[in-house]
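Peer 1: Sequence and predicted structure are below.
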There are 2 protein chains.
Amino acid sequence: MKNIELMAKQLKAVSDPNRLKLLACLKKGEVCACDFVDVLNISQPAVSQQLKKLKEAGIIVDRPAGTWKHYRLNEMQQPYIQAIIDHLDEISFQRCDC
Amino acid sequence: MKNIELMAKQLKAVSDPNRLKLLACLKKGEVCACDFVDVLNISQPAVSQQLKKLKEAGIIVDRPAGTWKHYRLNEMQQPYIQAIIDHLDEISFQRCDC
DNA sequence: ATATTATATAAGTAAATAATTATACAGTAA
DNA sequence: TTACTGTATAATTATTTACTTATATAATAT
């Protein structure tokens, strides 16, 4: 895949309000997948699908933790993705007890 | 419109290979709309529609010049858009005689 | 005025997107 | 084992997207 195609794919992954909110939640560190349902106010499968897109674009990574799955930002980002993350205001939310 | 919605709209405008190529062509300065048809290898109306999306997102501006229309990057960009432009390699192309 | 040229808009279409509900899968606990 | 819980996948649907061709608009030239 050409460079510009890869860039377009990554940008497409972040060009959605719900996925930007996911990134905003992740600015402080790891978050349990279950917490996102209340933040976005969409169904659990929808959250799962959005997380998948960010993961496939290499922007976030996951870590299984028993029944749960914790997500965090990839520590290495393309500069243009990092600039987007930097520009997002953090979103605070109610955490589950996992 | 909330901040994050505006951000998503701008990012959506640049999350397409053809529109990224348009920006890459514009890095050096003004370009006549007609030149883009050969660069993207799509129809003239398709080019016109893609330029419109970038313009509506505030990323490029146009300047009528007789029958022609010249496009250039907006001099003020959001930092996350500027980072994308900075990351693009310039594209050189055959210029028309307008 | 008409003809020509560059660009924009309209209408239509195939593919992609983002949600939904239903179901499957995986790990933990009894 | 079975039951329960968190997450992922499948199937469906409405909307959006990015083209196409055809047509309209606007400026220039004759």
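Peer 2: Cool, got the structure.

Peer 1: Who are the contact partners of A:Ile81?
Peer 2: Applying Cβ atoms under 8 Å, 6 or more residues apart in numbering or on different chains to A:Ile81 gives the contacts A:Gln10, A:Val14, A:Ile59. Every residue, glycine included, has its C-beta placed from N, CA and C.

Peer 1: which ones among those come in contact with DNA strand D?
Peer 2: Checking the contacts of A:Ile81 against DNA strand D by Cβ under 7 Å from any atom of the strand, not one of them is in range.

Peer 1: Would you mind checking which of these is nearest to DNA strand C?
Peer 2: Set against DNA strand C, the nearest of the contacts of A:Ile81 by Cβ to the nearest atom of the strand is A:Val14 (9.9 Å).

Peer 1: got the contact list for the closest one?
Peer 2: A:Leu20, A:Leu23, A:Leu54, A:Ala57, A:Ile59, A:Ile81, A:Ile84, B:Leu11, B:Ser15.

Peer 1: Quick check, A:Asp89 in contact with B:Asn3.
Peer 2: Yes: between A:Asp89 and B:Asn3 there is a contact under Cβ atoms under 8 Å: 7.5 Å.

Peer 1: SS state for A:Arg72?
Peer 2: Counting by DSSP: H, G, I helix; E, B strand; the rest coil, the backbone at A:Arg72 sits in strand.

Peer 1: which residue packs closest to it, ignoring adjacent ones?
Peer 2: Spatial nearest neighbour of A:Arg72, chain neighbours left out: A:Glu30 (4.4 Å); criterion: Cβ to Cβ, 6 or more residues apart in numbering or on different chains.

Peer 1: can you list contacts of stretch A:27-47?
Peer 2: By Cβ under 8 Å, 6+ apart, stretch A:27-47 touches A:18, A:21-22, A:25, A:48, A:50-51, A:62-63, A:65, A:68-73, A:85, A:88, A:90-91, A:93-96, A:98.

Peer 1: Apply the buried test to these and list what passes.
Peer 2: The neighbour count (16 or more other Cβ atoms under 10 Å in any protein chain shown) marks A:Asn18, A:Lys21, A:Leu22, A:Cys25, A:Gln50, A:Leu51, A:His70, A:Tyr71, A:Leu73, A:Ile85, A:Leu88, A:Ile91 as buried among the contacts of stretch A:27-47.

Peer 1: what's the helix or strand for the fourth one?
Peer 2: In the assignment (DSSP states H and E), A:Cys25 maps to helix A:17-26.

Peer 1: Also A:Val61?
Peer 2: Applying DSSP H and E as the criterion places A:Val61 in strand A:60-65.
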